[in-house]
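[1] output the structure for:
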Amino acid sequence: MEVIVIGAGPSGCIASETIAKEGYEVLIVEEHNEIGKPVQCTGLVSEKIGKIPNDIIVNKIKRAKFFFFDEGFEIKSKEKVFVIDREKYDKFRAKKAEETGVSFKLGTRFLGFKHGKVLTSSGNYQTKILIGADGPNSTVARVSGLELPNNLFYAIQANALSKFEKDCVELWFDPKISKDFFAWVVPENEEVARVGLISKENPKFFLENFLKKRFGKVKTEKILADVIRIGLIEKSVAENVLLVGDAACQLKPFSAGGLVYGKICAEIAGDACIKALEENDFSEKFFLENYEKKWKKELAWPIRKGFILKKIFSQLSQNRILFELFFNLKLYNLAYLLSMDLLGKD
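    Purely as a prediction, here's the structure:
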């Protein structure tokens, strides 16, 4: 096998599709038995996600309401923003990869990588290139000696059944609601919304408090949880190895959206692998030049900017005087910039 990818999420599938289009053999190893499950994303995306089938789009968003200390303002989006069915989106990406010749090994855990051999729970496979697309706690990163940023957060979400403005998301900033991040209400329609938050600690406690504050008594269903790691990774490559997507922390630090950043980097990773296979060079130096430098040229500044925006809103959410100054001065240019990051989380 010429390339093995660990993880069948969108980033892994896009990188695989890019490589397989050039006629190379690619195998995706996925620990879960079904692609797209469990769902681990809110699914709020901008048109930068690219063309997707209409049946994946659940709702279209036009506005965002920002809340601080129960006060707030509203911003209209100038871009198309969609709420998508994330399970269907993952299956869509996997199908496109399969159509180019990519093979899948589901229900199989990645165990290690030694001397070009990928060790899994269902057997060992020889490969020239290993791509880690295995999420924020990447095992590929660990066995390859690649250090991940230490900024780990917990995300939790539930579907709430109530009455909603169908075209408007809500974004709540308050340390009593969510420590270090924010809470959201993303409507699927007028009766169901995805309600969740990201927190450094006690996510379930904070979500229960937020649901009570926002709705009072409300029925919920489809609870999901995940971990999120943010930061600019020091190095995303090693000999014969590349990291992509959440495994390389290629997501927005402010909104924690990763589909668009992951797509950009997966395509760069795919091109780098094609070049490596053509030149028979799988060295760390080669991947630094042809993958890491290229994706960081695209995203290092946006990631750093995301940290700056996150810090600004963290200060606003913890200081009523600062927020009132922000609100009274009508600093909506900054708010609009933030809305592009939040309305289109990806």
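
[2] so who does residue 38 touch?
    Taking C-beta atoms under 8 Å, 6 or more residues apart in numbering, we find residue 38 in contact with 32, 224. Where C-beta positions appear, they are placed from N, C-alpha and C, glycine not excepted.

[3] try it again at 10 Å.
    By C-beta atoms under 10 Å, 6 or more residues apart in numbering, residue 38 lies in contact with 32, 87, 224-226.

[4] do you know how far it is from residue 84?
    16 Å (C-beta to C-beta, to the nearest Å).

[5] hmm, back to that, out of the contacts of residue 38, which comes closest to residue 276?
    Nearest to residue 276 among the contacts of residue 38: residue 32, at 28.4 Å, using C-beta to C-beta.

[6] I figured the closest one hits residue 108, correct?
    Yes. Contact status for residue 32 versus residue 108: in contact at 9.5 Å, counting by C-beta atoms under 10 Å.

[7] the two: which has the busier surroundings?
    residue 108 (18 against 14; other C-beta atoms under 10 Å).

[8] now the more buried one, nearest residue through space, not along the chain?
    Leaving aside its sequence neighbours, residue 108 sits nearest to residue 122 (C-beta to C-beta, 6 or more residues apart in numbering; 4.6 Å).

[9] burial of the one you found, as a residue count?
    Based on other C-beta under 10 Å, the number of other residues close to residue 122 is 11.

[10] so what's the backbone phi/psi at it?
    When read as degrees, to the nearest 10, the backbone of residue 122 gives phi -120, psi 20.

[11] repeat that for residue 253.
    According to degrees, to the nearest 10, residue 253 has phi -60, psi -30.

[12] wait, what's in contact with it?
    149, 151, 228, 230-232, 302-311, 341.

[13] these in strands, which ones?
    151, 228, 230 (DSSP state E).

[14] tell me the SS of residue 59?
    Classification of residue 59 using DSSP: H, G, I helix; E, B strand; the rest coil returns strand.

[15] so how far is residue 89 from it?
    From residue 59 to residue 89 the distance is 14 Å (C-beta to C-beta).

[16] tell me, what's touching those two both at once?
    Going by C-beta under 10 Å, 6+ apart, residues that sit against residue 59 and also against residue 89 are residue 43.

[17] phi and psi next, for the residue positioned nearest the centre of the chain.
    The chain has residue 258 as the residue nearest its centroid, 2.6 Å off, counting by C-alpha atoms, centre = their mean. Backbone torsions of residue 258, given as degrees, to the nearest 10, read phi -130, psi 0.

[18] and the pLDDT at it?
    pLDDT, residue 258: 89.

[19] so what's it closest to, chain neighbours aside?
    Closest to residue 258 by C-beta to C-beta, 6+ apart is residue 251, at 3.3 Å.

[20] hang on, isn't residue 157 packed against residue 44?
    No. With contact defined as C-beta under 10 Å, residue 157 does not reach residue 44; the gap is 11.1 Å.

[21] any common contacting residues for those two?
    Joint contacts of residue 157 and residue 44 (C-beta under 10 Å, 6+ apart) are 184, 186, 194.

[22] how about the last one, secondary structure?
    Here residue 194 is strand, with the state taken from three-state DSSP.

[23] for it, give me its contacts.
    Residues near residue 194 by C-beta under 10 Å, 6+ apart: 41-44, 58-59, 83, 86, 157-160, 169, 184-188, 222, 224.

[24] so it bridges to which residues?
    Using DSSP bridges, the bridge partners assigned to residue 194 are residue 159, residue 186.

[25] what do you get for residue 220?
    Beta-bridge partners of residue 220, as defined by DSSP bridges: residue 160.
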